[in-house]
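Peer 1: What shape does this take:
(2 chains)
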Number of protein chains: 2
Amino acid sequence: MQITVVGSIAFDAVSTPFGKRDRMLGGAATHFALAASFFDTVQVVGCVGEDFTDSDLAVLRTRGTGVGDVERVAGGETFTWRGEYGWDLNSRRTLATELNVFAEFEPRLSDASRSSEALFLANIHPQLQLRVLELCERPRFVALDSMNLWIESERDALIEVIERVDCVILNDAELRQLTREANVVAAARALLACGPTAVVAKQGEYGAALVTQDAFFALPAYPLENVIDPTGAGDSFAGGFVGYLARHLEAPITDSVLRRAMAHGTALASFNVEEFGIGGMVPLEAEDIQERVSELSKITQFEHAPIELLSC
Amino acid sequence: MQITVVGSIAFDAVSTPFGKRDRMLGGAATHFALAASFFDTVQVVGCVGEDFTDSDLAVLRTRGTGVGDVERVAGGETFTWRGEYGWDLNSRRTLATELNVFAEFEPRLSDASRSSEALFLANIHPQLQLRVLELCERPRFVALDSMNLWIESERDALIEVIERVDCVILNDAELRQLTREANVVAAARALLACGPTAVVAKQGEYGAALVTQDAFFALPAYPLENVIDPTGAGDSFAGGFVGYLARHLEAPITDSVLRRAMAHGTALASFNVEEFGIGGMVPLEAEDIQERVSELSKITQFEHAPIELLSC
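Peer 2: Modelled structure (predicted):
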């Protein structure tokens, strides 16, 4: 079923121990769409400046993604993020955030975007997330991302959106900060009490965990020796996760479906980090994803064959 | 088959957000033995001071652990570690390390300890680890732990021991520091090239990963909302891991056996962190472990049921 994503479209300038790149197409909506479009039609809602070229737009359009709600602001420049990563890629420093046209972003949804059954509210101001939620007609599954900035400055609004979505996707630090719970499992359970039926804790190089009312599931990241640029990994994960779920909305979402969605998200994120920017996503083919999901199931399984233990 | 562990026996004074405890029985050999003794007879090689009481010794003796090679140094005091943990338990600060009798520790192995088929060289000076290795007669499986201090100051000796053991168990930061590889999978593979057939990367709240020549396996930590004191978790893990393997040494160790060993290590570590010191380990029964291993297999499994993905 169709998926709408509302979020940033950006140019990223990134420096990692493996090199530097300027003006790479990026942003949450871009990374999400490139992943989710493997599963179903995606509609992107966002804004860009006059510097956004036709070839940039062509990338967004991959696998039929709709870009009718990507507003091109006359005289404006596209949102730009500059950042650098430390030697093990676990520390990230933002060097500059030039919001440009994104500062005045007012999501406008066409009938096409409003009619999607799955909705991903990428990391934008919680008030905008709320507005988009109200505009949508019949979303059966809504997931949300956010960031430390909104947790600090717009906590109440963020909680209000969280109360109305099905799934929250945040990293461990954000979960802790939002709930003021030091323990991530406890933090996730605290959020479940607000309304969502699922909380995904993104854990970077360690993978991701899924907490629902009745179950817990954790999946390591796909093991890679050549991680080049983690930018966008979380949104690629969300794209694979929400994309997979969008294909299973005809019935209530089961625990097995959620787990497989986690695996697809994890696989997509792993391709994302193997190259700078969207370099790992553009050449990707369906078989590559299938293969990696199958690998993931192999590297995580063990059979419990009880042996007699001593006790005295 | 019998297991020998050589390592510290200590009194720990620990402060966590959940409270403070003084003079708790601890140390690598203690945590290891309490876990490994569920699987087979353990022989502890270590030293204590005159302040070490009979009731402390009785705890070490749990499930028949041999303490004949625990030297009681006349006039000496037992090694003491004081530390405190940050609010999410991920940061640890050492307040004091009083080596006391441990400073002059010279492992002496009785015939009983020398004849073990499994050997765990806990975190001690690499030269002592080498000496113990030479004293042992027929170990079929040897695992080693170490720490940043020895990686910095005794790197060559440490590499020399690593070349002679079957398995290295280190945390991510130590693996990176030792190999100067930022990527943990690459770091583990670099160590495999030195000789060991398995490398375990301990990842704290995220669990542990196993890297062998042909395979990769990762297991999350058992999800807990009430982690109280992480001290000794790594050694409890090692106790469950090596203990399980010690029961499977009659044939070459297979990948499935290694995976189940990881699960048993993970289960044991989870009990360790639920109480201060050894408080979670002392009342533990065999059924508790079985149950948690079975739970671990459930929370990590998913079935890959391929769906058709879009490509164009």
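Peer 1: Buried by neighbour count: which residues of stretch A:204-217 qualify?
Peer 2: With burial defined by 16 or more other CB atoms under 10 Å in any protein chain shown, the residues of stretch A:204-217 counted as buried are A:204-212, A:216-217. To be clear about C-beta, it is placed using only N, CA and C from the backbone, and glycine gets the same treatment.
Peer 1: out of those residues, what pair is the most spread apart?
Peer 2: Every pair in the buried residues of stretch A:204-217 was compared (CB to CB); the two farthest apart turn out to be A:205 and A:212, at 23.9 Å.
Peer 1: where do the helices sit along the stretch 1-150 of chain A?
Peer 2: Remark: helices assigned in the stretch 1-150 of chain A by DSSP state H, counting those that start in this stretch are A:28-36, A:54-60, A:111-114, A:126-135, A:148-153.
Peer 1: meant to ask about the stretch 201-312 of chain A, not that
Peer 2: Across the stretch 201-312 of chain A, reading from the start of the chain, the helices by DSSP H, counting those that start in this stretch fall at A:233-246, A:255-272, A:286-300.
Peer 1: quick one on the thing from earlier: comparing the helices of the stretch 1-150 of chain A, which comes out most buried?
Peer 2: Greatest average neighbour count among the helices of the stretch 1-150 of chain A goes to helix A:28-36 (a mean of 31), per mean count of other CB atoms under 10 Å in any protein chain shown.
Peer 1: Distance to chain B and mean pLDDT for the helices of the stretch 201-312 of chain A - can I get that in TSV?
Peer 2: Formatted as TSV, the helices of the stretch 201-312 of chain A follow (distance: least, CB to the nearest CB, whole Å; pLDDT from 0 to 100):
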stretch	distance to chain B	mean pLDDT
helix A:233-246	8	98
helix A:255-272	4	98
helix A:286-300	4	97
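Peer 1: can you redo these as TSV with mean neighbour count and distance to residue B:71?
Peer 2: Compiled in TSV, the helices of the stretch 201-312 of chain A are given as follows (neighbours: other CB atoms under 10 Å in any protein chain shown; distance: least, CB to CB, whole Å):
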stretch	mean neighbour count	distance to residue B:71
helix A:233-246	28	51
helix A:255-272	25	50
helix A:286-300	18	43
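Peer 1: need those helices in CSV with distance to residue A:111, can you?
Peer 2: Rendered in CSV, the data for the helices of the stretch 201-312 of chain A read as follows (distance: least, CB to CB, whole Å):
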stretch, distance to residue A:111
helix A:233-246, 18
helix A:255-272, 27
helix A:286-300, 29
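Peer 1: just so I know, which of those helices lies nearest residue A:81?
Peer 2: Set against residue A:81 and scored by CB to CB, these come closest in helix A:233-246, at 12.6 Å.
Peer 1: closest to chain B among the buried residues of stretch A:204-217?
Peer 2: Of all the buried residues of stretch A:204-217, chain B sits closest to residue A:206, with 3.9 Å by CB to the nearest CB.
Peer 1: Give the full set of residues in contact with that closest one.
Peer 2: The contact partners of residue A:206, taken as CB atoms under 8 Å, 6 or more residues apart in numbering or on different chains, are A:220-221, B:203, B:206-207.
Peer 1: repeat for residue A:302
Peer 2: Applying CB under 8 Å, 6+ apart to residue A:302 gives the contacts B:217, B:219, B:256, B:259-260, B:262-263, B:297, B:300.
Peer 1: when you check chain A, which of the residues you listed turn up near it?
Peer 2: Cross-checking the contacts of residue A:302 against chain A (CB under 8 Å from any CB of the partner chain) gives B:217, B:219, B:256, B:259-260, B:262-263, B:297, B:300 as the overlapping residues.
Peer 1: Between all of these, which two are separated the most?
Peer 2: Among the ones next to chain A among the contacts of residue A:302, B:256 and B:300 lie farthest apart (CB to CB), at 14.5 Å.
Peer 1: in terms of contact, does residue A:69 touch residue A:108 like I think?
Peer 2: Yes: with contact defined as CB atoms under 8 Å, residue A:69 and residue A:108 form a contacting pair (6.3 Å).
Peer 1: higher neighbour count, the two?
Peer 2: Set residue A:69 next to residue A:108 and count neighbours by other CB atoms under 10 Å in any protein chain shown: residue A:69 wins out with 19 against 13.
Peer 1: For that one, give the beta-bridge partners.
Peer 2: As for beta bridges, residue A:69 partners with residue A:45 under DSSP bridges.
Peer 1: any idea of the pLDDT on it?
Peer 2: At residue A:69 the predicted local distance difference test score is 98.
Peer 1: residues contacting it?
Peer 2: The contact partners of residue A:69, by CB under 8 Å, 6+ apart, come to A:43-46, A:107-110, A:112-113.
Peer 1: Could I have the buried ones of those as PyMOL selection syntax?
Peer 2: Selecting just the buried residues from the contacts of residue A:69 in PyMOL takes one command, with 16+ other CB under 10 Å as the test:
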select buried, chain A and resi 43+44+45+46+107+109+113
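Peer 1: so which of the helices of the stretch 201-312 of chain A gets nearest residue A:22?
Peer 2: Each of those was scored for nearness to residue A:22 using CB to CB, and the closest is helix A:255-272 (18.8 Å).
Peer 1: export that closest one as PDB, just CAs?
Peer 2: Below are the C-alpha coordinates for helix A:255-272, written out as PDB (Å, rounded to 0.1, in the frame of the first residue of the first chain):
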ATOM      1  CA  ASP A 255       4.800  -9.900  15.800                       C
ATOM      2  CA  SER A 256       6.400 -12.000  12.900                       C
ATOM      3  CA  VAL A 257       5.600  -9.200  10.400                       C
ATOM      4  CA  LEU A 258       7.200  -6.600  12.700                       C
ATOM      5  CA  ARG A 259      10.300  -8.800  13.100                       C
ATOM      6  CA  ARG A 260      10.700  -9.200   9.300                       C
ATOM      7  CA  ALA A 261      10.200  -5.500   8.900                       C
ATOM      8  CA  MET A 262      13.100  -4.900  11.400                       C
ATOM      9  CA  ALA A 263      15.200  -7.200   9.200                       C
ATOM     10  CA  HIS A 264      14.400  -5.400   6.000                       C
ATOM     11  CA  GLY A 265      15.100  -2.100   7.700                       C
ATOM     12  CA  THR A 266      18.400  -3.400   9.000                       C
ATOM     13  CA  ALA A 267      19.300  -4.700   5.500                       C
ATOM     14  CA  LEU A 268      18.500  -1.400   3.800                       C
ATOM     15  CA  ALA A 269      20.500   0.600   6.500                       C
ATOM     16  CA  SER A 270      23.500  -1.700   5.900                       C
ATOM     17  CA  PHE A 271      23.700  -0.800   2.200                       C
ATOM     18  CA  ASN A 272      23.300   2.900   3.000                       C
END
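Peer 1: Which parts of stretch A:222-230 count as buried, going by neighbours?
Peer 2: With burial defined by 16+ other CB under 10 Å, the residues of stretch A:222-230 counted as buried are A:222-223, A:227-230.
Peer 1: so which two of these are the farthest from each other?
Peer 2: Pairwise distances among those were taken by CB to CB; the largest, 17.3 Å, belongs to A:223 and A:229.
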